[in-house]
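>>> Got a predicted structure here, sequence first:
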Amino acid sequence: MPFSFDALRRRPDLEGPDLVAVDAADRLILDESAAARADLPVGALVVIGDTHGALTLASANSGARGIRVHQDELLGERALAANAADAGLDDAFTSLPLDDELLRGARVVLMRLPRSLRALADAAGLIALHADPGVQVFAGGRIKHMTVAMNDVLRRHFDRVDVSHARQKSRVLLARGPHDGAVPVPEEAQIDGIRIRAFGGAFAGASIDIGTRLLLAHLPAPRGDEAIDLACGTGVVAAALASRHPALHVLACDQSAVAVASARATAAANGVADRVRVERDDVLGARPDASSSFIALNPPFHAGAALADGLAPRMFADAARVLRPGGELWTVWNSALQYRPALERIVGPTRQVARDRKFTVTVSTRR
């Protein structure tokens, strides 16, 4: 089918009435950048943070080729690939990590503004370091998620930052004149004996969120010599397990590229990189059935900026698939979400291990 905004879907990401594949900010970025994108050479356009492919595929539909794309979330990459296949545009782009190869010589960059200022600083520094000196950066988002501090971050790396008129509660920042390029450096902290390394945009940054702290206080020694840290974030749980149990090997996985980079840095900082393997994966898609006896999980409950109650049950289901009979899923969750019935139904018998004013820790045993 030909490209159409109306045909864009989020799958395999969560879909629902309040979860959209394209929004007003995407449309405004495309409109503001239309003149700059006209007649670009092959390979001169870069797209960062395209949620499900709107920016990339609309640009490809207008004739751009050799588009280089970075999406932090693996599900976003897969949604872009699926939408591109539907539109016959799967040869127009390449998905890449956020690095020099992505940005070298770029003349136009389209970017969805991240909510994290440090994530914006990391991207802006790399653009300024590797892009063409005449690069134009069109960075847009929903006004409710934008702050004046975003302008300040861009001004640290660009001579000029202009602001578009607002349209449909969206706005675009146009940055030109790159200078003071920089390679991202993780934020560092040491908390409760764990050295944490976090690149911009990683959940909780270089800290331990209160849910993870409660989970860590109650995790037992896993049976056997392996464990999984599912939705690992910065890898705090994986590093703690490996540090506490010197014979243990841990798989840490997350669909976020910045989480994976942070978890690898955290494992290295704690001297356990030889026993913590970090992978970017959609839940536990690369793991075979009935292959693990111990999984720890602090599940997210947002899809982007929207609350999404389907995220955690999807993780529970894949954990149940991967657990051997008698294997354990240790989960921490906001008590208001009342996940225990879902855990009982999807995984197996579930008991409460700990509870404080906000969070609950449970262990579910695979039937």
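Received, thanks.
>>> Taking the centroid of the chain, which residue is nearest it?
residue 256 (3.2 Å; CA atoms, centre = their mean).
>>> Apart from its neighbours in sequence, what residue is nearest that residue?
Distances taken as CB to CB, 6 or more residues apart in numbering place residue 72 nearest to residue 256, at 5.4 Å, with adjacent residues excluded. (Each C-beta comes from the backbone N, C-alpha and C, glycine too.)
>>> mind listing what that neighbour touches?
Going by CB atoms under 8 Å, 6 or more residues apart in numbering, residue 72 touches 49, 98, 201, 256, 257, 258.
>>> Could you tell me which of these belong to helices?
Counting by DSSP state H, the part of those found in helices is 257, 258.
>>> ok so, going back, spit out the contact partners of the residue nearest to the centre of the chain.
Taking CB under 8 Å, 6+ apart as the criterion, residue 256 is in contact with 72, 73, 74, 201, 202, 203, 233, 280.
>>> Now do it against residue 300, distance only.
10 Å (CB to CB, to the nearest Å).
>>> Now do the shared contacts for those two.
In terms of CB under 8 Å, 6+ apart, residue 256 and residue 300 are both contacted by the residues residue 203.
>>> Show me what counts as buried in stretch 121-137.
121-132, 135-137 (16 or more other CB atoms under 10 Å).
>>> and which of the residues you listed is nearest to residue 209?
residue 122 (20.6 Å; CB to CB).
>>> C-alpha coordinates for the helix or strand harbouring the closest one, PDB please?
Element membership for residue 122 (DSSP states H and E) is helix 117-130. Extracted C-alpha coordinates of helix 117-130, given in PDB (Å, rounded to 0.1, in the frame of the first residue of the first chain):
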ATOM      1  CA  LEU A 117      17.700  17.000  29.200                       C
ATOM      2  CA  ARG A 118      20.700  14.800  29.500                       C
ATOM      3  CA  ALA A 119      19.500  12.700  26.600                       C
ATOM      4  CA  LEU A 120      19.100  15.900  24.600                       C
ATOM      5  CA  ALA A 121      22.600  17.000  25.600                       C
ATOM      6  CA  ASP A 122      24.000  13.600  24.500                       C
ATOM      7  CA  ALA A 123      22.400  13.800  21.100                       C
ATOM      8  CA  ALA A 124      23.200  17.500  20.600                       C
ATOM      9  CA  GLY A 125      26.800  17.000  21.500                       C
ATOM     10  CA  LEU A 126      27.200  14.100  19.000                       C
ATOM     11  CA  ILE A 127      25.400  16.100  16.200                       C
ATOM     12  CA  ALA A 128      27.700  19.100  16.800                       C
ATOM     13  CA  LEU A 129      30.800  16.800  16.700                       C
ATOM     14  CA  HIS A 130      30.000  14.700  13.600                       C
END
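>>> What average pLDDT does it get?
Average pLDDT, helix 117-130: 98.
>>> neighbouring contacts of that helix?
Outside of helix 117-130, the residues within contact range by CB under 8 Å, 6+ apart are 48, 98-100, 102-106, 109, 111, 113-114, 135, 137, 139, 147, 149-150, 153-154, 156-158, 175, 178-184, 187, 199-201, 205, 258.
>>> one step back: ok, which pair from the buried residues of stretch 121-137 is furthest apart?
Among these, 121 and 132 lie farthest apart (CB to CB), at 20.4 Å.
>>> mind showing which ranges of the protein have poor pLDDT?
For the chain, the stretches flagged by pLDDT under 70 are 1, 302-309.
>>> quick one, domains of it?
5-178, 187-365 (automatic domain parsing).
>>> any idea what sits nearest residue 316, other than its immediate chain neighbours?
Using CB to CB, 6+ apart and skipping the chain neighbours, the partner closest in space to residue 316 is residue 346 (4.4 Å).
>>> what does residue 321 give?
Closest residue to residue 321 apart from its sequence neighbours, by CB to CB, 6+ apart: residue 289 at 5.6 Å.
>>> Many thanks, I have nothing further to ask.
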